[in-house]
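Peer 1: Fold the following, please.
(chains A and B)
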There are 2 protein chains.
Amino acid sequence: MTEIEQILSTYSQKFNAELERYFPKTAAPEHRAMEAMRYSLLNGGKRLRPFLLHQTASLFDVPYETALPVAVSLEMLHTYSLIHDDLPAMDNDDLRRGKPTCHKAYDEATAILAGDGLLTYAFEVLNSAHITDAKKVELTLMLAQAAGAKAGMIAGQVLDLYTDSHKLHANAEDIIKHTEELKTGCLLRYPCEAGAVLGNATKEEKNLLIKFSRNLGIAFQITDDILDIKGDEKVVGKTLKKDKAQHKLNFVSIYGADKAYEIAVDLIEEAESLISTFGQKADNLKNLSRYFLTRNY
Amino acid sequence: MTEIEQILSTYSQKFNAELERYFPKTAAPEHRAMEAMRYSLLNGGKRLRPFLLHQTASLFDVPYETALPVAVSLEMLHTYSLIHDDLPAMDNDDLRRGKPTCHKAYDEATAILAGDGLLTYAFEVLNSAHITDAKKVELTLMLAQAAGAKAGMIAGQVLDLYTDSHKLHANAEDIIKHTEELKTGCLLRYPCEAGAVLGNATKEEKNLLIKFSRNLGIAFQITDDILDIKGDEKVVGKTLKKDKAQHKLNFVSIYGADKAYEIAVDLIEEAESLISTFGQKADNLKNLSRYFLTRNY
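Peer 2: Numbers count the residues shown, from 1 in each chain, chains lettered A, B, ... in the order given. Predicted structure coming up:
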């Protein structure tokens, strides 16, 4: 295990223990959706988004505890999107992180409600943080927009589902970039921007972190596409080679794996240099970026 | 048309025009979910919840424009719950307000995303209101809890879906009351409490309005159950007699229609007397309560 993998692993263990506390043990019949929410949330994610949020917040010396509810709410929102994406009417996935997806472990109605519940709970948890009301409002607006249907994650999911990939697109590259920027980029940008908000960053610092997150987002997507064709299903923990089977447009299908990887390397190098201004405090963020290029899951 | 029906109709026409403004005309491919959100939102609802919110707010002389985004966000959240409830995996309804349900007009994936989008948009719109940050945070927490999986609407939906209605329940009345209090009660309580928050009501006034909303909620559910067996499908605009077909426990199946109606009358009379303290300002609320007993859709 590399150093950053060790740091991530320690972080996610601690973070998982925190997540548990949001789900009191209960046998009440009305809490079936809560159980399913807990099941999916504690299903061993890498916790990249909360980690990003905590790391950018710590650039400005924001205490771990202060950023925690903001990070938790983001992971809840991210997990809701996975539960709904996995539904039969969407990507129809049976496995997520090597375990049955929510609708397989429970049933479809419960999975729909569990997703709804996590999305709703995210806003409750965010607004229960010990930060100023002004920050709660700012972060709530940012999160809703990042996850929304106008220019956020849902719009990206729409593009992903409804772009006719059997048709030759003259502007395939633009379509993919736009889709990924919305679908995964928004929820990678949010933690970097939220860390800046929590830390009362200057406008310049915030813009820099947003640019950093954009590079990270595209590089992440490229390595995801490469994993889809080259990864080991047992390690990645989800069904692979689906993109090719579905003739999906992605970075690899356009550039080929080698060229796509080169682009990712350039993006990560630029990302690293962007945050050098924060000195040693940015070491974890730099190592995380670098790790994106070598991850095998 | 009675006076209150006229008032409601004028209100909802104006309100519908306001809703339109939240959905800019767009042909962008990523806005398919936005289109579906707009379709379901503008599908001719009675706008009872926003009306309740505006009416309770006006007890404290809160201007229409101030309460508007709060009312809009509530209607968005209510509409999301209808879209998801109608899905094949849930109630599997083809008609809503006499028109194809969202997944029939579009498709299942779009309906799931449209519901998610409206739930997300609700929090964005609420936090864009021209009220203090403290009020935004308070209302956001209230709305998330009212709609949530712990003790809100989602918990009620779980009870409704998973209570084994073929089994004889010794405490059937308790189960029904608890289910309805969660499933429909929470989103009728919220507008009354939100009106009080917007109007800086005293704790006593707020509690009184909460009690009022509880009576209204149960009475509303009873008349809904009665409409399910006695209503005209063309007027009500949705598939009826489903409760009986599914052997659902409800107020009518326990008490019979006549006794259930008597209970509703008592609840409404008490509700009316509760708000008499507000004098003439409460006239619309009183007439609305009374209308609950005579509505045929």
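Peer 1: who's in contact with the residue lying closest to A:Leu182 once chain neighbours are set aside?
Peer 2: The shortest distance from A:Leu182 to any non-neighbouring residue, by CB to CB, 6 or more residues apart in numbering or on different chains, is to A:Gly156 (3.0 Å). For the C-beta atoms, the positions are set from N, CA and C on the backbone; glycine is no exception. A:Gly156 sits next to A:Thr179, A:Glu180, A:Glu181, A:Leu182, A:Lys183, A:Thr184, A:Gly185, A:Cys186, B:Glu30 when contact means CB atoms under 8 Å, 6 or more residues apart in numbering or on different chains.
Peer 1: Show me what secondary structure element comes after the helix or strand containing the first one.
Peer 2: Which is A:Thr179. Assigned by DSSP states H and E, A:Thr179 belongs to helix A:172-180. Toward the C-terminus, helix A:172-180 is succeeded by helix A:186-198 as the next helix or strand (DSSP H and E).
Peer 1: So that following helix, near chain B or not?
Peer 2: No - judged by CB under 8 Å from any CB of the partner chain, helix A:186-198 stays clear of chain B, getting no closer than 11.5 Å.
Peer 1: Flag every buried residue along the very next helix or strand once past that helix.
Peer 2: Counting by DSSP H and E, the element after helix A:186-198 in chain order, helix or strand, is helix A:203-230. Across helix A:203-230, burial judged by 16 or more other CB atoms under 10 Å in any protein chain shown covers A:205-206, A:208-209, A:211-228.
Peer 1: now stretch A:171-179
Peer 2: Buried residues in stretch A:171-179 (16+ other CB under 10 Å): A:Ala172, A:Ile175, A:Ile176, A:His178, A:Thr179.
Peer 1: As PDB, could you dump the C-alpha coordinates of that stretch?
Peer 2: Coordinates of the C-alpha atoms in stretch A:171-179 are reproduced here as PDB (Å, rounded to 0.1, in the frame of the first residue of the first chain):
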ATOM      1  CA  ASN A 171     -18.400  16.800 -31.900                       C
ATOM      2  CA  ALA A 172     -18.100  13.600 -29.900                       C
ATOM      3  CA  GLU A 173     -15.300  15.000 -27.800                       C
ATOM      4  CA  ASP A 174     -17.300  18.100 -26.800                       C
ATOM      5  CA  ILE A 175     -20.300  15.900 -25.900                       C
ATOM      6  CA  ILE A 176     -18.300  13.600 -23.700                       C
ATOM      7  CA  LYS A 177     -16.500  16.500 -21.900                       C
ATOM      8  CA  HIS A 178     -19.800  18.200 -21.300                       C
ATOM      9  CA  THR A 179     -21.500  15.000 -20.100                       C
END
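Peer 1: low-scoring stretches of chain A, by residue?
Peer 2: In the predicted model of chain A, residues A:164-169, A:231-247, A:296-297 satisfy pLDDT under 70.
Peer 1: Quick check: A:Lys211 vs chain B, distance?
Peer 2: According to CB to the nearest CB, to the nearest Å, A:Lys211 and chain B sit 23 Å apart.
Peer 1: make that A:Asn16, sorry
Peer 2: Using CB to the nearest CB, A:Asn16 is found at 20 Å from chain B.
Peer 1: likewise A:Tyr64?
Peer 2: In terms of CB to the nearest CB, A:Tyr64 sits 22 Å off from chain B.
Peer 1: how about that residue, what does it touch?
Peer 2: A:Tyr64 sits next to A:His54, A:Ser58 when contact means CB under 8 Å, 6+ apart.
Peer 1: make it 6 Å
Peer 2: By CB atoms under 6 Å, 6 or more residues apart in numbering or on different chains, the contact list for A:Tyr64 is empty.
Peer 1: Next: A:Gln145.
Peer 2: A:Gln145 sits next to A:Gly152 when contact means CB under 6 Å, 6+ apart.
Peer 1: do the same with A:Arg47
Peer 2: With contact set as CB under 6 Å, 6+ apart, A:Arg47 has these partners: A:Ser12, A:Phe15.
Peer 1: how about 10 Å then?
Peer 2: The neighbourhood of A:Arg47, defined by CB atoms under 10 Å, 6 or more residues apart in numbering or on different chains, consists of A:8-9, A:11-16, A:19, A:53-54, A:71, A:74-75, A:78.
Peer 1: Fine by me, thanks again.
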